[in-house]
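Student: Could you work out the structure for the sequence below:
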Amino acid sequence: MKTIFYILVLSFLRQHDCKPTVKDMQSAELVCLNELHFNHSDVPDISNFGVDAVDNANNRKMFACLFSKMGILDDEQKISPEGFDNFVDILVEAVNANEHAKKMISESLQQCKDIEGRSGGEIGFKLRNCIKRAGAELREKVKKSDSH
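Tutor: Okay, here's the model as predicted:
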């Protein structure tokens, strides 16, 4: 699930016509850590989608920063439809799967496009959880379709 976090960073890098690398992805996280004056210990497991992120001020600030840097959150700290679609495109392109599976991924993430909140931090936190939930739901659909 850590891969999904890194793919999120890809959308930011793509907007700048860069060919992203793992180093680039890690540097985006470092940019937010530096801007927020955080250490890694201030946001443990931020990129581990295998565990639930704790809803606290540090995590909200970090998610708002990351999703803003990636263009998913706009200047008003709302989800940018264009930025979100770009994220989904990057995610789908990064998956080594057939066209049907890619379509399922895209469809599963659409539930996250209309998330609202009082702040970029709240929206970012909800978005992270929605992406995690969409991934889990998709895995269950795939399991069921494989067993038939």
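Student: use CA for all of it now, contacts and neighbours both
Tutor: OK.
Student: Could I get the buried residue list for the helix ranked longest in the chain?
Tutor: When secondary structure is assigned using DSSP state H, the longest helix within the chain turns out to be helix 120-146. For helix 120-146, the neighbour count (16 or more other CA atoms under 10 Å) marks 120-135, 138 as buried.
Student: can you check stretch 68-80 too?
Tutor: Neighbour counts using 16+ other CA under 10 Å place 68-74, 77-80 of stretch 68-80 among the buried residues.
Student: Leaving aside the residues adjacent along the chain, what's closest to residue 95?
Tutor: Beyond its immediate neighbours in the sequence, the residue positioned closest to residue 95 (CA to CA, 6 or more residues apart in numbering) is residue 102, lying 7.4 Å away.
Student: Settle this for me: the one you found is touching residue 92, isn't it.
Tutor: Yes - contact between residue 102 and residue 92 holds when scored by CA atoms under 8 Å: they sit 5.6 Å apart.
Student: if we can go back for a sec, give me the neighbour count for the residue nearest to residue 95.
Tutor: 19 (other CA atoms under 10 Å).
Student: And the pLDDT at it?
Tutor: Per-residue confidence for residue 102 comes out at a pLDDT of 84.
Student: now do residue 126
Tutor: pLDDT, the model's per-residue confidence, is 94 for residue 126.
Student: Now do the contacts for it.
Tutor: Listed by CA atoms under 8 Å, 6 or more residues apart in numbering, the contact set of residue 126 reads residue 115.
Student: Give me the distance between it and residue 43.
Tutor: In this structure, residue 126 lies at 16 Å from residue 43, with CA to CA, to the nearest Å as the measure.
Student: same thing with residue 89?
Tutor: Here residue 89 is placed at a distance of 27 Å from residue 43 (CA to CA).
Student: cool, and residue 107?
Tutor: Distance check for residue 107 against residue 43: by CA to CA, it reads 30 Å.
Student: Could you check which of the two has the larger neighbour count?
Tutor: residue 43 (20 against 14).
Student: which residues touch residue 112?
Tutor: 127, 130-131.
Student: Going by distance to residue 97, which of the residues you listed wins?
Tutor: For the contacts of residue 112, the residue nearest residue 97 by CA to CA is residue 131; the value is 18.5 Å.
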